[in-house]
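Asks: Turn this into a model:
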Amino acid sequence: MMFRRSAANKSTNGSPLRVRTVAFAAAVAALLSPATVFAERPTAVIPKQTIYPGETLDESLVEVVDVTNPNLADGYVRSIEEIEGKVTKRTLLPGRVILASALREQYAVERGSTVRLVFNDGGLTITAAGSPLQDAAVGELIRARNIDTGVIISGTVMADGTIHVVAK
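Replies: Sure, this is the predicted structure:
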């Protein structure tokens, strides 16, 4: 009995099997090239000097270094873009990685200042003067006191510094 090879399994130069083999070999070579290995080396952001709580970070206070410790736990800042404009929650020491949990956004409203409270319900809009009871960044839910009535409300801090009151 005689057998015939199927067209898909023929070992000619332009066969699909050979094309797949060459493509696989090229992919492996690309993954193992030194340029690719170097490009994937992790980096970390470290302070150049001691940075105290409440300071706003910028490029001049930090530097980016290559991570040489493969056992370094995750959760640290890897690029300058992640820290630009953020404020420190705790003291950052030179030569140590900056943990993302040690940073916060700048406050949009500060405790004790005067802000505008806004309540929207359909076509009804009510505004009043208020005073936040805590510091907060944009998007945070906080409590504030209506200066005229003394009533304490809850609301979301907006980018323009107003507090949008949530209905109960």
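Asks: Isn't I147 up against A129?
Replies: Yes: I147 is in contact with A129 according to C-beta atoms under 8 Å; the separation is 4.5 Å. All C-beta atoms are positioned from the backbone trio N, CA, C, and that covers glycine.
Asks: can you list residues touching both of those two?
Replies: T114 (C-beta atoms under 8 Å, 6 or more residues apart in numbering).
Asks: Report how many residues lie close to R90.
Replies: By other C-beta atoms under 10 Å, 13 other residues sit near R90.
Asks: Which stretches in this structure count as strands?
Replies: Residue ranges of the strands in the chain, as given by DSSP state E, are 43-47, 62-66, 87-88, 103-104, 115-121, 124-132, 141-146, 152-157, 163-165.
Asks: Sheet-wise, list the partners of the first one with their directions.
Replies: Strand pairing for strand 43-47, using DSSP bridges, gives strand 62-66 (antiparallel).
Asks: and if you look at the last one?
Replies: In the sheet containing strand 163-165, its partner strands are strand 115-121 (parallel), strand 152-157 (antiparallel), by DSSP bridges.
Asks: Kindly reformat those as JSON lines containing mean pLDDT, distance to H164 and mean neighbour count.
Replies: Listed next are those as JSON lines, based on pLDDT from 0 to 100; distance: least, C-beta to C-beta, whole Å; neighbours: other C-beta atoms under 10 Å:
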{"stretch": "strand 115-121", "mean pLDDT": "95", "distance to H164": "5", "mean neighbour count": "16"}
{"stretch": "strand 152-157", "mean pLDDT": "96", "distance to H164": "5", "mean neighbour count": "18"}
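Asks: looking at these, which is closest to S60?
Replies: Minimum separation from S60 across the strands paired with strand 163-165 (C-beta to C-beta) falls at strand 152-157, 28.8 Å.
Asks: Specify the angle between that closest one and strand 141-146 in degrees.
Replies: Here strand 152-157 runs at an angle of 130 degrees relative to strand 141-146 (axes from the mean of the first three to the mean of the last three C-alpha atoms, to 10 degrees).
Asks: so how far is strand 152-157 from its chain's centroid?
Replies: The chain centroid and the centroid of strand 152-157 are separated by 25 Å, computed with C-alpha atoms, centre = their mean, to the nearest Å.
Asks: what's in contact with it?
Replies: Residues contacting strand 152-157 (C-beta under 8 Å, 6+ apart): 108-109, 117, 130, 133, 136-146, 163-166.
Asks: let's see it at 10 Å
Replies: For strand 152-157, contacts defined as C-beta atoms under 10 Å, 6 or more residues apart in numbering pick out 107-109, 115, 117-119, 128, 130-133, 135-146, 162-168.
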